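Predicted model follows, preceded by the sequence.
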Amino acid sequence: MSGRLGRSPEVCFLLGLPRSGTTLLAHLLQRHPDIVAPPEPWLMLALEAFGNVDRRHPAGSSLIEAATSEFLGRIDRTIVSRAFADAAYDQYLAEAGKRIIIDKTPRYWTVLDFVESVYPEAPHVLLHQGAEH
């Protein structure tokens, strides 16, 4: 699955509230020669919502949702999500020539349980603004 002999890509998640400093921190971390921090990929949000489609979809949202729900109900969705994310992160890292990817998508805090279930070993940094004085 992974281009590095079965090893998962090294991923760190950077999430936070708006204006909390996630962009600045990502830029600073990316100065390290082993780290790449692409613009917000929203990958884990898309994987968490897989199968949920707009009601105006030409194939019929209820048909898509029913079919994917039935199919995914028979498999471990976490394993499938991990395989897809590993492949995507691994290819991005290979293209960038880096070893560690910082996925800076601040809104991941809304699906943190999902992110932690797919990548339980991955560090995640949550930034929030402190009280102003």
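Structure received. Residues are numbered from 1 along each chain as shown.

ok, which stretches of this protein are helices?
Here the chain has its helices, by DSSP state H, at 22-29, 43-48, 61-72, 77-96, 112-118.

Give me the nearest residue to P123, chain neighbours excluded.
Nearest non-adjacent residue to P123, counting by CB to CB, 6 or more residues apart in numbering: C12, 4.9 Å away. The way it works is simple: take the backbone N, C-alpha and C, and place the C-beta from them, glycine included.

got the contact list for the one you found?
I100, I101, I102, D103, A122, P123, H124, V125 (CB atoms under 8 Å, 6 or more residues apart in numbering).

related to what we said a few turns ago, list just the one of the helices of the chain that sits closest to Q129.
Closest approach to Q129 among those is made by helix 22-29 (11.2 Å; CB to CB).

same for that closest one, what does it pack against?
For helix 22-29, the packing partners by 3 or more CB pairs under 8 Å, 6 or more residues apart in numbering; DSSP states H and E come out as strand 10-16, strand 100-104, strand 124-127.

Name the strands paired with the first one and say parallel or antiparallel.
Strand partners for strand 10-16, identified by DSSP bridges, are recorded as strand 100-104 (parallel), strand 124-127 (parallel).

list the buried ones in the shortest one?
By neighbour count, and taking 16 or more other CB atoms under 10 Å as the criterion, the buried residues in strand 124-127 are H124, L127.

Spatially central residue in this protein, please.
The centre of the chain sits closest to M44, judged by CA atoms, centre = their mean, with a distance of 3.2 Å.

right, and that one touches S117 too?
No. Using CB atoms under 8 Å, M44 is not in contact with S117; the gap is 10.3 Å.

could you measure R99 against E65, distance?
Applying CB to CB, to the nearest Å, the value for R99 to E65 is 38 Å.

same question, T110
On the measure of CB to CB, T110 and E65 end up 20 Å apart.

Okay then, goodbye and thanks.
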